[in-house]
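> Fold the following, please.
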Amino acid sequence: MTIHIDFLDETNEVTAEQIETIERLLAEAAALENVPDGAEVSVTFVDNERIRAMNRDYRGKDAPTDVLSFALEEEGEEEVHIVGADMPPVLGDIVISIPKAKEQAAAYGHSFMRELGFLAVHGFLHLLGYDHGTEEEERVMFAKQEDILTRFGLTR
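Alright, predicted model coming up:
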């Protein structure tokens, strides 16, 4: 099972070891979720100013947030499914605020790596179509997150 992940660290604050850990974590999540071989995703680490602008522009919420996901495989109302395209899926983009991750790690009393992993998995599950808009959706998604993080060894 291979997943291709492009990382961009706009903050220059994430270490090569942390990026490699996120890469292994998302590969494990992809395997557990039966993501097709060769699927692609990007992960970008940004500051609060950048994620605030994105949150405002794409979600109408003028405040920094911890993680945003932009799924590319979802078909909108006007889009047509391409039949016979044997290309690996491009799942989309995950954008993580490094200042928010640090702040939340301190608030929750766990490591920065645990928070970074949580946010990456949370964003990844959104790319796969999971959501937490209802209590039932939240229960399912959050249980999956905890299962993936526990299996990987990133516990609180």
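> What residues of stretch 137-154 count as buried?
The neighbour-count check on stretch 137-154 (16 or more other C-beta atoms under 10 Å) flags 141, 144, 145, 148, 149, 152, 154 as buried. C-betas here are computed from N, CA, C, even on glycine.
> what's the neighbour count on the closest residue to residue 61 other than its chain neighbours?
Leaving aside its sequence neighbours, residue 61 sits nearest to residue 55 (C-beta to C-beta, 6 or more residues apart in numbering; 4.9 Å). Residue 55 has 19 neighbours, counted by other C-beta atoms under 10 Å.
> Can you read off the pLDDT for residue 55?
Residue 55 carries a pLDDT value of 97.
> who's in contact with it?
Taking C-beta atoms under 8 Å, 6 or more residues apart in numbering as the criterion, residue 55 is in contact with 61, 62, 63, 64, 65, 68.
> Now intersect the buried residues of stretch 137-154 with the helices, please.
Those of the buried residues of stretch 137-154 mapping onto helices are 141, 144, 145, 148, 149, 152, per DSSP state H.
> Quick check: the farthest pair among those residues?
Checked with C-beta to C-beta, those reach their widest spread between 141 and 152, with 16.7 Å between them.
> closest to residue 123 among the buried residues of stretch 137-154?
residue 145 (10.4 Å).
> I'd assumed residue 119 was in contact with that closest one.
No - in this structure, residue 145 is not within contact of residue 119 by C-beta atoms under 8 Å, at 9.9 Å.
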